[in-house]
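Trainee: sequence first, then the predicted structure:
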Protein chains: 4
Amino acid sequence: MAIELGPNQYGKAETRVVRVYRGDGERHEIRDLNVSTLLRGDFGDAHTHGDQAKVLPTDSQKNTCFALAKEKGVGEIEDYALDLARHFAGEIAPVRSARVEVEEYRWERVSVAGQPHPHTFKRTSDEVRTTAVTVLGITGRKGGASMAWVVSGLKDLVVLKSTGSEFSGFLKDRYTTLAETSDRILATSLTARWRYGWGGRHKSWDEAYDQVRQVLLERFATLHSLALQQTLFEMGRAVLEARDDVAEIRLSAPNKHHFLADLSPFGLDNPGEVFHAADRPYGLIQCAVQRDDAEDPGPAWDSAAAFEG
Amino acid sequence: MAIELGPNQYGKAETRVVRVYRGDGERHEIRDLNVSTLLRGDFGDAHTHGDQAKVLPTDSQKNTCFALAKEKGVGEIEDYALDLARHFAGEIAPVRSARVEVEEYRWERVSVAGQPHPHTFKRTSDEVRTTAVTVLGITGRKGGASMAWVVSGLKDLVVLKSTGSEFSGFLKDRYTTLAETSDRILATSLTARWRYGWGGRHKSWDEAYDQVRQVLLERFATLHSLALQQTLFEMGRAVLEARDDVAEIRLSAPNKHHFLADLSPFGLDNPGEVFHAADRPYGLIQCAVQRDDAEDPGPAWDSAAAFEG
Amino acid sequence: MAIELGPNQYGKAETRVVRVYRGDGERHEIRDLNVSTLLRGDFGDAHTHGDQAKVLPTDSQKNTCFALAKEKGVGEIEDYALDLARHFAGEIAPVRSARVEVEEYRWERVSVAGQPHPHTFKRTSDEVRTTAVTVLGITGRKGGASMAWVVSGLKDLVVLKSTGSEFSGFLKDRYTTLAETSDRILATSLTARWRYGWGGRHKSWDEAYDQVRQVLLERFATLHSLALQQTLFEMGRAVLEARDDVAEIRLSAPNKHHFLADLSPFGLDNPGEVFHAADRPYGLIQCAVQRDDAEDPGPAWDSAAAFEG
Amino acid sequence: MAIELGPNQYGKAETRVVRVYRGDGERHEIRDLNVSTLLRGDFGDAHTHGDQAKVLPTDSQKNTCFALAKEKGVGEIEDYALDLARHFAGEIAPVRSARVEVEEYRWERVSVAGQPHPHTFKRTSDEVRTTAVTVLGITGRKGGASMAWVVSGLKDLVVLKSTGSEFSGFLKDRYTTLAETSDRILATSLTARWRYGWGGRHKSWDEAYDQVRQVLLERFATLHSLALQQTLFEMGRAVLEARDDVAEIRLSAPNKHHFLADLSPFGLDNPGEVFHAADRPYGLIQCAVQRDDAEDPGPAWDSAAAFEG
């Protein structure tokens, strides 16, 4: 029996890159990103012998995030992440695969006298657009071929239905005290991530993102919910039906409980009007919806989270 | 020399009240609040002798937040806070003054096929609308007169100008290394709180809030900034010029630094295009703008923060 | 009626200064600080005219935090804060008063084979030691006299009593549903801040801090609590009785509710054994305990919080 | 091509269970836990048809956490988690496997006059002890056999070496500007999780936890670090060498950068004395260390994180 190094990766997390585009006159565009890089490859000696000869410093990775924001620019975050990942997988010899994760924070123009201001912006919602790109170098290195997986997503999309949701007919055991309900508040803070397939075609990452997001919102709104499980599955199915470039979607949704306040001690009726929004505990519902003929996801879903729990 | 009880107050913090209004058919309205109550008055015995006879439990205060949300309803948060504070100051004998602070989280309707959905909502930005109401019972108790102060506000309004801001001509000491700049990013997460005067008139709290917020945004956008100090003062002045019902406004603004990335080691120019958004430290600029004839603020600004630092 | 600038202040918040002392051989000491500076004085022109001639950049203030950590060193945080505040109030002409707030994070040595390691440390609890020093320059400037106020404290000291706490005999109104209890869990996350008087004498700030902290803990432990109000007052009184150099102490304590789990539906008794630790809402109890002959606190308690709510 | 349900799971997250043991007289013990349950099994109909007949409500799962804390008690968290997971996998027919994750917050007794107090406690460090248990029901259900995997761990263990760490000899590319250093601060907030093997023997989970934690701390302290990669690998190796009941350990460590303050503009030398503790970005180093003959981990590492990113 021997002790050996297992899976390992390293990189620079949460580099906060802000890119300003100064167009004609004073009209600017901005992209506001949080960028994390993770490299995998021939790094065993760094672990087992402290030998850094093959280790590109995380500081250099950070510099690369800034430099490529200038050299290649920051358009759609998927393209920027692919640029970065291909750079690391293609140019840095010991790197076998590179994963680049990007969060994008959204800004909208401040309105002045009814007109959008050319260079003043306001953060829109907390909702974050995400992408996680994995590029695997194949042969040679420099100039060699590569494979790429793109998982795009969103998180912290907080939605609520004040009716149109029930929960009944569930399994009861000896610890069950929950009453059935035919009308409750359903609320969640959605995390959705979808993997693009090889064969699909889309006009642009932005266009795809916008449509997936809208389909998720509309399905959440229009489905009469019998359970959050059903809502998630139907949201996922609607995305796959709408877009043949999406191979799989994963959804994670805390059930943000809103409990009806008990006003009966005060002689008050409460027909679905006054609620207490609880923090913890919360239900947590997670599912994937996928095509039965989808390609194997490969390393598409392998993130830093696997080491953290 | 004796040891004595000094200023004291107690209450229930962060009761999360969600109020649903079920209108005609399926069209709902929601108000999503975080409510804190603080009572001051004849509570010395509770401290010095452990005698609770005059102490209304914080649990009862929480119940009152829910009950009044039904009995009186939740319209504009200032009115709801006044209802609560007047209840405590007027109905609970030992209470001399009551302070009620409310945060309101904003939701917008989800759009389905271009139409706003009747009962499905999406959280808008992190920006929070606030109010802090103080009611002082005057004489008698039940039915007695009272005085009220209303401070309304907003927080976590994150705004950014990608140009139109400079910082130069500043004082230099032997620890000064900062370069002067005629073009920088100016960004902040604004906290603004304004005190309504006695004499002012307004159509509604909502109307006043909307205008103050818009004036703040427009002034931030349109002023060519020579310093964040100047920007804050001008934002405050514009509010007071626009509304004679506002006696005073206090602004607190972290200077969320965006540092130009140094790309020169890579042979790249960076004319205001690629920035690093820093977390800490940050500048912090705070000022009040007021009318020279404003009434004394009384207890309007006395919050729980005074005990916390 | 005119619109004018009211109270204002500015500075650099949350500069993270870590100071290493390399003693004989390999035995190191570290001080890990979060430093915020706030300057008040002749800064009206910066607000009203954008004129920076009297404004020392917050960047220079940050540099000063680092430079003085070398030039004067970082011993007890009160002395370091006084050094900084006296520097700003004494050396920077437009500054009328300077406030410096310091948080200190505590580290203990890692134990190796039962011995404390010379240069490896582990963060101890989340508890933070604090100080807030205000220095008012009096006349002239350079070399002029000054007055200083020192408020020391701690925050995030989380304590719990699993018995020895009751709550009964309280005022009941029509919204009261809480049951009286003669045995409950009492838990809080304490914020305490105490102001040193002019006349008191102490061996060192560290010694004073250690004693105050220990008195607070012991009184919390030994007092049979009839209410959190009583516990806080007695904790404060004990501090003032123990130390004549403390003029006043302010305590702020969330009542971190632990609710008995209702196990009766499962045929189980629960005599104070299984609890649910709730997040929100929470009671909030705040009081000051002071000497009746204490000097006026002057600006000792004026912090950035006054502008934030 | 069809659209189908993929992997899915659901449960109740973050139930805050506090268990008090009232021993002889007034001497109490407490366990303070954050418990999350995740069930996997025959839940397809809930997703695809909204049929809840096989769905045990997350509310019942929460109740079970409280009830078992009474019925079976809360000793070592691994045993409590196993009790819960075996209950769900064994008693709830549609459940094929159950995962229970527990965080434990540590308390120590407050010292009064040098003696530990019987029922007053103080939170120790932010460091959290964790376990994640997965139980797979095998056949039948009630009374059927089961397999169990136990992953124990810790997180938020913040450690720092003020010397004894270097970083040099690394790969340089055209974006590399980092200087080599033979003496730097090395600091991290460690997450470690170790999987117990089938064959190992240990006296108790507590004993195992204590030893693993101590080995991690000692190895961090004593190893002269050539890189964080090396430090992590050696920490993991030391654990596996010390305990034959550990099959594998996974370590995730942010490199909490401490940058030497540049005091040269002020004419000051800074030989490793004054540092700026940076927030973001940070290096992130992750690795597993394992036995080459370890059993397949099965579902041991499958957590909620896989759906969140």
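Mentor: It's in.
Trainee: check the stretch 101-250 of chain A for the residue nearest chain D and tell me.
Mentor: Nearest residue of the stretch 101-250 of chain A to chain D (CB to the nearest CB) works out as A:L226 at 3.0 Å. Any C-beta I mention is one placed from the backbone N, CA and C, and that applies to glycine too.
Trainee: so that residue makes contact with A:F167?
Mentor: Yes - the criterion here is CB atoms under 8 Å, and A:L226 meets it with A:F167 at 7.5 Å.
Trainee: between those two, what contacts are shared?
Mentor: Residues touching both A:L226 and A:F167 (CB atoms under 8 Å, 6 or more residues apart in numbering or on different chains) are D:Q52.
Trainee: which one's more surrounded, these two?
Mentor: When A:L226 and A:F167 are compared for neighbours, A:F167 comes out ahead with 23 against 18, by other CB atoms under 10 Å in any protein chain shown.
Trainee: so A:D126 sits against A:D156, correct?
Mentor: Yes - contact criterion CB under 8 Å: A:D126 and A:D156 qualify, at 4.9 Å.
Trainee: quick one, which of these two is more surrounded?
Mentor: Neighbour comparison, A:D126 and A:D156: the larger count goes to A:D126, with 18 against 15 (by other CB under 10 Å).
Trainee: tell me the secondary structure at the more buried one.
Mentor: strand (DSSP: H, G, I helix; E, B strand; the rest coil).
Trainee: any idea which helix or strand carries the residue nearest the centre of chain A?
Mentor: Taking CA atoms, centre = their mean, the centroid of chain A lies closest to A:G153, which sits 3.6 Å from it. In the assignment (DSSP states H and E), A:G153 maps to strand A:146-161.
Trainee: and what of A:F66?
Mentor: Assigned by DSSP H and E, A:F66 falls in helix A:58-71.
Trainee: what about that helix and chain B, touching?
Mentor: Yes - counting by CB under 8 Å from any CB of the partner chain, chain B has neighbours in helix A:58-71: A:63, A:66-67, A:69-71.
Trainee: list the buried ones in that helix?
Mentor: By 16 or more other CB atoms under 10 Å in any protein chain shown, the buried positions in helix A:58-71 come out as A:58-70.
Trainee: by contact count, what packs against the next helix or strand after that helix?
Mentor: Next along the chain after helix A:58-71, taking DSSP H and E as the criterion, comes helix A:77-91. On a contact count with 3 or more CB pairs under 8 Å, 6 or more residues apart in numbering or on different chains; DSSP states H and E, helix A:77-91 meets strand A:28-41, helix A:58-71, strand A:95-112, strand A:115-137, strand A:146-161, helix A:205-222.
Trainee: what's the angle from helix A:77-91 to strand A:28-41?
Mentor: Helix A:77-91 and strand A:28-41 are oriented at 40 degrees to each other (axes from the mean of the first three to the mean of the last three CA atoms, to 10 degrees).
Trainee: residues touching stretch A:173-185, excluding its own?
Mentor: If you take CB under 8 Å, 6+ apart as the criterion, stretch A:173-185 is touched by A:160-163, A:165-170, A:258, A:272, A:275, B:18, B:20, C:265-266, D:56-57, D:59-60, D:63-64, D:67, D:91-92.
Trainee: can I get it in CSV, CA atoms only?
Mentor: Output in CSV follows, covering the C-alpha atoms of stretch A:173-185 (Å, rounded to 0.1, in the frame of the first residue of the first chain):
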residue,chain,number,x,y,z
ASP,A,173,-44.6,9.0,8.3
ARG,A,174,-44.7,9.2,12.1
TYR,A,175,-42.8,12.5,12.1
THR,A,176,-45.1,14.2,9.7
THR,A,177,-47.0,17.1,11.0
LEU,A,178,-47.2,19.3,7.9
ALA,A,179,-50.7,20.2,6.8
GLU,A,180,-51.6,19.8,3.2
THR,A,181,-52.3,23.0,1.3
SER,A,182,-53.9,23.9,-2.0
ASP,A,183,-52.7,27.4,-2.0
ARG,A,184,-49.3,28.6,-0.8
ILE,A,185,-46.5,31.0,-1.6
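Trainee: and that stretch, how far from the chain's centre?
Mentor: Distance, stretch centre to chain centre, for stretch A:173-185: 32 Å (CA atoms, centre = their mean, to the nearest Å).
Trainee: same question for it, mean pLDDT?
Mentor: Per-residue pLDDT values across stretch A:173-185 average out to 97.
Trainee: in that stretch, what counts as buried?
Mentor: A:173, A:175-176, A:178, A:184-185.
Trainee: what's the pLDDT at whichever residue of the stretch 201-309 of chain A sits closest to chain C?
Mentor: Using CB to the nearest CB, the single residue of the stretch 201-309 of chain A nearest to chain C is A:D279, 4.2 Å away. The model reports A:D279 with a pLDDT of 98.
Trainee: quick one: residues contacting it.
Mentor: Contacts of A:D279 (CB under 8 Å, 6+ apart): B:16, C:279-280.
Trainee: wait, which of the residues you listed is closest to D:T37?
Mentor: Taking CB to CB as the measure, C:D279 is the one of these closest to D:T37, at 18.7 Å.
Trainee: surely that closest one forms part of a helix?
Mentor: No - with three-state DSSP as the criterion, C:D279 is coil rather than part of a helix.
Trainee: this completes my enquiry, with thanks.
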